[in-house]
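> Sequence and predicted structure are below.
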Amino acid sequence: MTDLKLLAKGALSEFMGVGMFVYIACGAAMTSKVDIVATAMAFGFTILVLAHIGHVSGGHINPAVTFSLVVTQQIPFLDAAVFASAQFLGAICGAALLHASLHHEFTGCLGANRIAPLSTVGEAFIVETLTTMILVITVYATIDPKNTNTKRMGVMPIGMAVMVCHLIAIPITGCGINPARSFGPALVAYLADLQGCDHVFDDHWVFWIAPLFGAVIGAFMYKYGYQPPEDVKESTKDEANQMYI
């Protein structure tokens, strides 16, 4: 995507996608009092819905996914930088709207990710790395033109992967797997001085580094474990710019 008009449309798509994702999914987590199953379903189905409206940018809705696509040379660096900026801005705006529309009884730091008291930083890092890896492997399997199984299912595997990852990780980290989703609610909760959110940025680096690390592992695992033949390599790149994530 080198056309500036298309790039601007893609950035707007990522901004709106992440903003709605944070507002809807984190909002569901708050109103359900962080019921694990309900929250996991909310995050998974929200991605499933938003994936169908992200056709301009590819609907990454996650800087970790965008980063993996740059590392594997699926999209240009400029596109990735613009999309990631839009994603973080969208997450902040989505969290701000969530703060403005929820009663204080439901705020709970707006769904910001934090490491559980009984878990260590090392455990949290492993969980965030592995769950993001699972997500990215699923993404690459979905956009692989040689994979006829996922083509029949559309974007459903990605939404299901997000849901499964949340079922695993919510009790440990709240399940970040998305640096923008983690940063937006944390920043707004901190700036709004919400009760109990003074330490919302403690060990916050885990929710940036681990997902990026896991995304790269997942991308290369799929690329070198299931890389398509040379004659479909270009088709794979085209799919990456049209995928619904």
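Sure thing, it's come through.
> What helices and strands are in contact with the lengthiest helix in the chain?
Counting by DSSP state H, the longest helix found in the chain is helix 77-101. On a contact count with 3 or more CB pairs under 8 Å, 6 or more residues apart in numbering; DSSP states H and E, helix 77-101 meets helix 4-21, helix 27-31, helix 63-71, helix 179-191. No exception for glycine: its C-beta is placed from N, CA and C like everyone else's.
> After the second one, which helix or strand is next? Please name it.
By that I understand helix 27-31. With elements assigned by DSSP states H and E, the helix or strand that comes after helix 27-31 is helix 36-50.
> just to revisit the earlier point, mean pLDDT lowest for which of the helices and strands packed on helix 77-101?
Per-stretch mean pLDDT for these is lowest at helix 27-31 (a mean of 88).
> Tell me where this protein is predicted with low confidence.
Applying pLDDT under 70 to the chain flags residues 1-2, 53-54, 104-107, 148-152, 227-245.
> at 80 instead, please
Counting by pLDDT under 80, the chain has low-confidence residues at 1-2, 34, 51-59, 103-108, 145-154, 226-245.
> just to revisit the earlier point, buried set for the longest helix of the chain?
The neighbour-count check on helix 77-101 (16 or more other CB atoms under 10 Å) flags 79-80, 82-84, 86-99 as buried.
> now that helix against helix 179-191, angle please.
Counting by axes from the mean of the first three to the mean of the last three CA atoms, to 10 degrees, helix 77-101 lies at 40 degrees to helix 179-191.
> roughly how far out does helix 77-101 sit from the chain middle?
11 Å (CA atoms, centre = their mean, to the nearest Å).
> okay, the helix or strand just after it in PDB with CA atoms only?
Per DSSP H and E, the first helix or strand lying C-terminal to helix 77-101 is helix 121-143. C-alpha atoms of helix 121-143 as PDB (Å, rounded to 0.1, in the frame of the first residue of the first chain):
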ATOM      1  CA  VAL A 121       6.700 -11.200  35.900                       C
ATOM      2  CA  GLY A 122       8.400 -14.200  34.300                       C
ATOM      3  CA  GLU A 123       5.200 -16.200  34.300                       C
ATOM      4  CA  ALA A 124       3.300 -13.300  32.800                       C
ATOM      5  CA  PHE A 125       6.000 -12.800  30.100                       C
ATOM      6  CA  ILE A 126       5.700 -16.500  29.100                       C
ATOM      7  CA  VAL A 127       1.900 -16.400  29.000                       C
ATOM      8  CA  GLU A 128       1.800 -13.200  26.900                       C
ATOM      9  CA  THR A 129       4.500 -14.600  24.600                       C
ATOM     10  CA  LEU A 130       2.800 -17.900  24.000                       C
ATOM     11  CA  THR A 131      -0.800 -16.600  23.600                       C
ATOM     12  CA  THR A 132       0.400 -14.000  21.100                       C
ATOM     13  CA  MET A 133       2.300 -16.700  19.300                       C
ATOM     14  CA  ILE A 134      -0.900 -18.700  19.100                       C
ATOM     15  CA  LEU A 135      -2.800 -15.800  17.700                       C
ATOM     16  CA  VAL A 136      -0.200 -14.900  15.100                       C
ATOM     17  CA  ILE A 137       0.100 -18.500  13.900                       C
ATOM     18  CA  THR A 138      -3.700 -18.500  13.500                       C
ATOM     19  CA  VAL A 139      -3.500 -15.300  11.600                       C
ATOM     20  CA  TYR A 140      -0.900 -16.600   9.200                       C
ATOM     21  CA  ALA A 141      -2.800 -19.800   8.700                       C
ATOM     22  CA  THR A 142      -5.900 -17.800   7.800                       C
ATOM     23  CA  ILE A 143      -4.200 -15.600   5.200                       C
END
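> Compute the inter-axis angle for helix 121-143 and helix 179-191.
Put simply, helix 121-143 runs at 130 degrees to helix 179-191, going by the same axes, to 10 degrees.
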